[in-house]
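S.K.: could you work out the structure for the sequence below:
(one chain, ligands or ions: 1)
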Amino acid sequence: MTAVSRLVGCVVHALDTVDSTQTVLARLASEGAPEGTVVTARHQTGGRGRRGRCWWDAPGQSLLMSVLLRPPIPAAHAPQLSLVAGLAVADALGTATGVEARIRWPNDVLVDRRKICGVLPEAVSNPDGRVRHVLLGMGINVGQEEFPDGLRAHATSLRLATGVAHDQGRILAVLLEALGGRYREWLAGGFAGVRDEWRRRAGTLGERVRTPDGREGVAMDVAEDGALLVDAGEGALTRVVSWAWATGP
Ligand code: BTN
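M.R.: Next up is the predicted model:
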């Protein structure tokens, strides 16, 4: 029998209330924590979303976690990891609960066209242009039965989508397995290796989108490097890349 060690989740710090699991994990990363280290929390007082937004949670109702990865790759390849994470979440939610999750590029995970999970990738690069580490932050709505006014129309939870309660520990275990598997696939074959699966689960392709510089068009495909290819009526397709670089340590 071959024992396969758990790459993602080799060490799990399960905390109660934190500012942000990203902040806690950034500190652990700078202290040399091993790849695959995970921080979870029951509640965040300063949960962060993409593009500087806040991430709301009801204490105990969300799976709030950050995963430390140290991929041996050039910084330019890092944005692909964001899509890989979204795919792993969609896989895991299907396996653990049977929901049919779709991915809105780059990595929002939706059920019934409402957001059930957000992914915040934050990376630090070395002066040689290679990745030092990536913090993959994920917030999954598990047990919420209602959302605050501003979120109600756009958000859902596993509880609301399936009508039954779900065990967060099981979802975490399935997700760590799925993320480890997709991460290994990506390390071996790049985004091209998992692109067909991503497309199969994509909710964005064929829909009208607005690019960060304000152009409107139709999302046609996702490129080998994870960029979204948008037909904005200008002949060549417009490439859109989504990623956030943090500053050291
Ligand atoms: C998004 O804007 O869609 C991304 C949301 C990411 C939220 C998660 S919750 C756990 C981790 N810690 C944070 O502060 N943010 C991420």
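S.K.: show me which residues of the protein sit near the ligand.
M.R.: 20-22, 44, 47-50, 53, 55, 64-66, 108, 118-120, 137-139 (Cβ under 6 Å from any ligand atom). C-beta: built from backbone N, CA, C; applies to glycine.
S.K.: which of these are buried, as a PyMOL select command?
M.R.: Restricted to buried positions by 16 or more other Cβ atoms under 10 Å, the PyMOL selection for the residues of the chain next to the ligand reads:
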select buried, resi 20+21+22+44+47+48+50+55+64+65+66+108+118+119+120+137+138+139
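S.K.: need the residues that contact stretch 155-162.
M.R.: Defining contact as Cβ atoms under 8 Å, 6 or more residues apart in numbering, one finds that stretch 155-162 is touched by 61, 93, 97-99, 111-112, 114-116, 140-145, 147, 165-166, 171.
S.K.: what sits up against stretch 43-59?
M.R.: Residues contacting stretch 43-59 (Cβ under 8 Å, 6+ apart): 16-23, 42, 60, 64, 118, 120, 137, 139, 143-144, 148, 151, 242, 244.
S.K.: tell me the contacts of residue 104?
M.R.: 110, 115, 203, 204.
S.K.: quick check: the residue of this structure nearest the ligand.
M.R.: Nearest residue of the chain to the ligand: residue 118, at 2.2 Å (Cβ to the nearest ligand atom).
S.K.: pretty sure that residue is in a strand, no?
M.R.: Yes. Counting by DSSP: H, G, I helix; E, B strand; the rest coil, residue 118 is located in a strand.
S.K.: just the ones of the contacts of stretch 155-162 in helices?
M.R.: Within the contacts of stretch 155-162, residues falling in helices by DSSP state H are 93, 97, 171.
S.K.: and of those, the nearest to residue 11?
M.R.: Residue 11 lies nearest to residue 171 out of the ones in helices among the contacts of stretch 155-162, by Cβ to Cβ, at 18.9 Å.
S.K.: and that closest one, how many neighbours?
M.R.: Neighbour count for residue 171, taken as other Cβ atoms under 10 Å: 20.
S.K.: what about the strands in the chain?
M.R.: Using DSSP state E, the strands of the chain run over 12-18, 38-44, 62-69, 102-104, 108-111, 114-125, 131-141, 208-210, 216-222, 228-231, 238-240.
S.K.: for the third one, packing partners?
M.R.: Other elements packing on strand 62-69 under the criterion 3 or more Cβ pairs under 8 Å, 6 or more residues apart in numbering; DSSP states H and E are helix 21-30, strand 38-44, strand 131-141, helix 168-189.
S.K.: may I see those organised as CSV, with mean pLDDT added?
M.R.: Formatted as CSV, the helices and strands packed on strand 62-69 follow (pLDDT from 0 to 100):
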stretch, mean pLDDT
helix 21-30, 98
strand 38-44, 98
strand 131-141, 97
helix 168-189, 97
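S.K.: for the ones you listed, which one sits closest to residue 195?
M.R.: Taking these one by one with Cβ to Cβ, helix 168-189 is closest: 9.4 Å.
S.K.: how about the closest one: buried residues?
M.R.: Under the neighbour-count rule (16+ other Cβ under 10 Å), helix 168-189 has 168, 171-183, 185-187 buried.
S.K.: now that helix against strand 38-44, angle please.
M.R.: Angle, helix 168-189 to strand 38-44, by axes from the mean of the first three to the mean of the last three Cα atoms, to 10 degrees: 140 degrees.
S.K.: and helix 168-189, C-alpha only, in CSV?
M.R.: C-alpha atoms of helix 168-189 as CSV (Å, rounded to 0.1, in the frame of the first residue of the first chain):
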residue,chain,number,x,y,z
GLN,A,168,-18.1,22.1,8.4
GLY,A,169,-15.4,19.5,9.4
ARG,A,170,-16.4,17.2,6.6
ILE,A,171,-16.5,20.1,4.1
LEU,A,172,-13.1,21.2,5.2
ALA,A,173,-11.7,17.6,4.9
VAL,A,174,-13.1,17.2,1.4
LEU,A,175,-11.9,20.6,0.3
LEU,A,176,-8.3,20.0,1.5
GLU,A,177,-8.3,16.8,-0.4
ALA,A,178,-9.7,18.4,-3.6
LEU,A,179,-7.3,21.4,-3.4
GLY,A,180,-4.3,19.1,-2.9
GLY,A,181,-5.4,17.1,-5.9
ARG,A,182,-5.9,20.0,-8.2
TYR,A,183,-2.7,21.7,-7.0
ARG,A,184,-0.7,18.6,-7.8
GLU,A,185,-2.3,18.5,-11.3
TRP,A,186,-1.6,22.1,-11.8
LEU,A,187,2.1,21.8,-10.7
ALA,A,188,2.4,18.9,-13.2
GLY,A,189,0.5,20.4,-16.2
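S.K.: with that, I have no additional questions.
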